[in-house]
Structure formats: C-alpha cells, structure tokens
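In: Turn this into a model:
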Amino acid sequence: MKLVVIGTGPGAQALASMNAENPMFSEVVLLESQEGKIDRNTKISWPDGSCSNLKGCIITSNPFVAIPDADVILLCNPANSYPKILEKISDHITSVTKLICGVPGATGFDWMVRDAFAGKPKLFNVAAVESLPFISKRDGENKVRVYAFKHQLYLATTSFDDSVKESDIDLEGILGVSLKKLNVFLSLTLLNPNAKVHPLLFLEALKHSQDQADRNVYILGDENAAYLEKIEKEVYSIAASVELKTGIKLDHIPSLKEWFTGCYQSIIQDNSTAQTCLATHKIYNELKDDFLKGINDSNANESDQGKSRYLTEEIPYGLICFKGLAELVKVDTPTIDFVLEQCQNFLTKRYFKNGKLSKEVLTDTVAPQRFGIDVLTKLSRQYQVHSTEKKQEVKEFDENGIVFFGKVLPREKCFQIQQTVSEKISDVDAVDTEKLLLNLHWKDRRFADFCSAPEFVSAACDLLQVEDVRVFSSLIVFKKPNEKMPVPWHQDPAYQWPIEPLECASLWFALDDVTNQNGAMNMAVGGHKVGILPMRPTPPLVDGEYHFSPQLAESISEEHLTGFPIVKCDMLQYESSFHHSMMPHSSPLNFSQSRRCAFIVRYCKGNTKINLYPGMPRENFFRNYKLYNPHKEYAAQ
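Out: Numbering: from 1, shown residues only. Sure thing, here's the model as predicted:
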C-alpha cells in the first residue's frame, strides 16, 4: 500500500518518517505545500533517544504525483488549510484510495470532505482524530523533536457512499497510539479540546505579556479557569439540545479532565481539574509556546499571517464552530460569546457581531453554516435518515416549508430508480420535461412503485399530519452539464392547480449530487405561509437560455421575497427533501460538468378534491385528471 502524508510541519514530517519503515506500506510520500520546503535530511529525535530522517520518503509538492494511487491519505496541516487542500486533491483521487484521515481533524472534518467532494466520487472512508499522536516541535533548522507519544486518542469514521465498506486499515499501527472509536463524527467535533483551551491560554498570556519568557504559559489563572469550565458546560448544553431536537445519539463527550488523563496519564502530575492538568503537565512547560506571537507586529492590523495558530486557527476553526451549532439548536452561550469577542479583537476579521455569527466571513470558518448546514435537518441528515419519529422534520416543514432527509431508501432501490430515470431521459431534451416526463407513475409500474415506497409515503403522511395521502403529480427534472436552463422564482400551485386544499408535500429525490455549481434550488424560508404571491412577466432570457416549461413565462419578482431567508437545497446523491407546495423557489444555471437530476413526487392529503369546471384554466390538461393512491396496488391507465 501507499501512504501519503500531507503537510510541512514537524508533525507531518515525524508521521512520514515513522511510517517509512512500516511494513504496511511499500511507499510513503510526503506532500509538501511548496517545492523545497522540506529537507529529506531533517533529523527527527524520538522520546526513546533514537533518531530518523526522511530519506525513506518521497517528497513532492505535486498532488498529481502523490494522490492518484494513494491507499491512505493523512492530512497533517493546520485545520484552516484543510478546505483548500481537500479541494486541491479531490480532482486526483481514484478508486484506489481507501481512507482520508485528518490528523488532527477535530472540528467539522466530515463537513469539509463532503463539501470538497460534492459532485465527485466518494468511494473511500473518512476518519479523524482530535490531535496528533505525539507532542512535536521544531528544534532548530532541519530538526524535529518528538517529546512524547500520547496514550489514547478518539477516532471518528464515516463514509458518504453506502457501497463503501468500513475500512480495515490499521490506523493504530500508522499513528502509534491507542484509538477509542466514536460512533458519531459530530461527537469528535464537540470534543475538540484545543478549541476550548487555546483561546483562554491566549487571554491568560495577555495578562502576563511582560513576563512571557519566565512563566509556564499553560498555567490558567482562576478567572480563565472558570471560563473554561463554563465553556465545557455550554458545549454539553449544545450536545444535549442536538440530541433532544434531532435524536442523534451522540457519544459520551469526555470532559477536559478526562481527556488529559486518558491522553497523557503519567505525564500529568495533578489531574484534579483541567486547570491542574495544564499546569502540571511535565512537557507543556518545556515548550515555551508563544501565544502572543505576531499581535504586536507592525502589520498586525492588516494581516493575521504570522500570528499564533492558537488564535488564528482555534477561533474560526474551533469556537466559531461551537457557536454555529449553538445557533442551529438555539442555545445561549454567553461565555463562548465573551471569549470570541475578546480574542477576535486581535484578528483582522470579525467572525462574530452583535451576538451572532457574521455571515460575511463564514467562508473563512468551519461553522456548520459555511457548509450550508443552516437548518437542523441538514445537520441531522448527515448522521441519520431522520429524527426520532420525524419530530424535527415535521416542525421544520410547518415553520420553514422545507425539510431535509438522509438516504431514506435502500441502496438497491435507489440504483433501480437511477437506472430507470436515466433510461427515460436518454433521448429527451430538458425542454421537453413537462411533456414527456410528467406523471410516469400512471404509465410505468416502476415509477408507481417508487411513488408508493413506504419510506416516502410515511414521511409525506407525517409532514402533512394525515393518515393517508394521494399523488397529485410526479416529474423527472434534470439539468444537463453547462445547460442554460434557469428556473425563476415561482410557486407551483400558482400555475392554476385545480386541487383543494393547495397543500402538498413535494418530494425532491436527488439522483445526482446537487451543488451550488450544478443548479441547487433556492427556497424562500417561510414563504409558504403568505399565500399566492403576485407574478409578472419573467424578464427576457439571454445568451441561449430557455425554460423547461412555458408556464415559467410568468414568475415572482424578487422584491416580493425580501425578508425571507434563502436556503440552498444542496444534497448528496440519494438524499431527499420535502418542500411545501406553496414554497417560493428557483434554481440557477448548471455551470458544472455534472448532470443534476431528480425525481419529484407531489403528495397531497387523502381528502384532496380536484375542482374541474368548463372554461377553467388549463382545461384540456386537467380533463379526466385523477389522483393516484400510493397505498393501493398499482393499476396502469
């Protein structure tokens, strides 16, 4: 097997060197950020007194050389570099790769990978641990010192494709440390010890800025130690609210005292509290870390480059993540807020304003909102199909008008409908969608079976709060790669639906990854509650653009959507959403090289009536129209 370690720091170099002799690998590659950053003669000193170097490793800055045939990829960079690194390597990953692991990857690493690989194959496992497996530091030019190995770390794993089997890669053998498996990746995000500790060590250093060289910088005064305890309690409150509202069964999240004790054992002299663990750590006092690095430089107000990573990393890629989760579950976090305010005074960006996340700089953080996780079901779907008894989904459908589910159907069923849909659209232009791909459940048993899938029928019943439903219509929609087919803002029932009540739960089942690049829908949250909005002639199309339906010649002006938050409906293949039929929605062009295809089923209440009368709008279309009962056996027309 081939191992690729990505990084230029002492941790990456030590990991690559220790695995150069690992019989598990025939080749170890160290992928550096810039050619010539790493010297293969670097001397690495180990705790047992032995030394090694990098002569047994291939060192390159070219991902095309390193990545395509890599079995295992370890990211060992600062977390704030991961999104760009993952995006960079995503184009070179092949089916050979079995595992991508963040070392560390403590906060939102699974979200980063999901985002970077949207629209691309994901036939690998994703893993992360909360820290490097050892304490290491540069010890002069071309010298790295490893002070001690940690006794235990926590490991989270996942995959984004149901066909991927759980990895049998021996990560303990690669990292040289005992690993305690977590069941839910989100538990590792909430564990992140550095995000809780490092900002307070920075604030403590500010109090002692004149005697930094003479003090143990890991000693917290009582005031900041009290803040640390409160931050832990606030994170536990976030975790409890996530569990209560979504039903996600999080793992036990160890306290900092538990974590330090399990990780360092005999290295800590007094493990009574997190404060004493820090103060009596035998190695921390030797490190002489500079928490105030760069804050007094002449360009400190213009750039964060050169500042301590304990500030530049642990705020946007640590505490801000906790704050983002708190906003999702509506938990107050006064201590986290206070620490964020204090620390960001020494950064060039304001990640937190007026008690809330600053949307302007979300892309520079690992807040869940940065990855489109802006409603709770977008978080929930990543760890389970739906919440307990679908309570959160019903709540969001009622309040927001849009709700997200995970992969509801078994993979085999998904694959069948994928093949069936691809067969149907192979000779159809998107402009003919409404004519040729509408209501196939009356014409083809396979589509009727899909509309009748118990998982979807049950969800529709729950969302509409009824015991039975009918299918008003079904439709295949697709955007070909680089297709110029915008969909302006509209509400589906505004086009003369003859049903009463005008209330459907519209399933949108993603047959491809749906991204911002290939035309993910936009939803105006809460817009389903205001009735039919005024429409006007749609502005003229330009540059070869077209609409798949002539009805879209009329649409809603954006001025009528002011005040409605907009949610992007990005999804992985075989995930799904339900939106209220009255929801205003739109979608942009497909700017990607990937198709965007979905199957739509509009479920209405079982007592819905069709009101037909002479001279009605679209009379010819709706003549002899009837509702399909998904609870009964199929009967073709």
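In: center of the chain, which residue is that?
Out: Of all residues in the chain, the one closest to the mean position by CA atoms, centre = their mean is Trp111, 2.6 Å from it.
In: what are the ranges of the strands in the stretch 251-400 of the chain?
Out: All strands of the stretch 251-400 of the chain, identified by DSSP state E, counting those that start in this stretch, fall at 352-353, 356-357.
In: Report the mean per-residue pLDDT for the last one.
Out: Over the span of strand 356-357, the pLDDT mean works out to 92.
In: Give me the sheet partners of that strand and which way each runs.
Out: If you go by DSSP bridges, strand 356-357 pairs up with strand 352-353 (antiparallel).
In: residues making contact with the strand it pairs with?
Out: For strand 352-353, the external contacting residues (CB atoms under 8 Å, 6 or more residues apart in numbering) are 320, 323, 337, 340-341, 344, 358. Using the backbone N, CA and C atoms, a C-beta is placed for each residue, glycine as well.
In: make it 6 Å
Out: Leu340 (CB atoms under 6 Å, 6 or more residues apart in numbering).
In: cool, stretch 291-308 as well?
Out: Here stretch 291-308 has contacts from 201-202, 205, 217, 310, 312, 346-348, using CB under 6 Å, 6+ apart.
In: Can you flag which of those residues belong to helices?
Out: If you go by DSSP state H, the contacts of stretch 291-308 have 201-202, 205, 310, 312 in helices.
In: Just name the closest of the residues you listed to Phe447, please.
Out: The nearest member of the ones in helices among the contacts of stretch 291-308 to Phe447, counting by CB to CB, is Thr312 at 52.8 Å.
In: Roughly how far does the closest one sit from Met523?
Out: 35 Å (CB to CB, to the nearest Å).
In: So, low pLDDT: which residues of the stretch 501-637 of the chain?
Out: Within the stretch 501-637 of the chain, the stretches with pLDDT under 70 are 633-637.
In: The nearest residue to the residue nearest to the centre of the chain once chain neighbours are set aside: neighbouring residues, count only.
Out: In space, Trp111 comes closest to Phe371 once its chain neighbours are excluded; the distance is 4.4 Å by CB to CB, 6 or more residues apart in numbering. If you count neighbours by other CB atoms under 10 Å, Phe371 ends up with 23.
In: isn't Phe371 right up against Asp115?
Out: Yes - the criterion here is CB atoms under 6 Å, and Phe371 meets it with Asp115 at 5.0 Å.
In: Can you check which residues contact both of those two?
Out: Common neighbours of Phe371 and Asp115 (CB under 6 Å, 6+ apart) do not exist.
In: Quickly note the distance from the closest residue in space to Leu206 that isn't next to it in sequence to Leu203.
Out: Nearest residue to Leu206 in three dimensions, chain neighbours excluded: Leu292, at 7.0 Å (CB to CB, 6+ apart). Leu292 is 11 Å from Leu203, where distance means CB to CB.
In: Give the buried residues for stretch 261-274.
Out: Neighbour counts over stretch 261-274 (16 or more other CB atoms under 10 Å) mark 261-264, 267-268, 271, 273-274 as buried.
In: which among the ones in helices among the contacts of stretch 291-308 gets closest to Asn439?
Out: Nearest member of the ones in helices among the contacts of stretch 291-308 to Asn439, counting by CB to CB, is Thr312, at 55.5 Å.
In: Kindly provide the distance from that closest one to Asp304.
Out: Thr312 is 5 Å from Asp304, by CB to CB.
In: what about the protein, any weak spots by pLDDT?
Out: Ranges of the chain meeting pLDDT under 70: 212, 298, 429-435, 633-637.
In: buried set for stretch 14-31?
Out: 14-20, 22, 25, 27-31.
In: what's the span of it, first residue to last?
Out: 13 Å (CA to CA, to the nearest Å).
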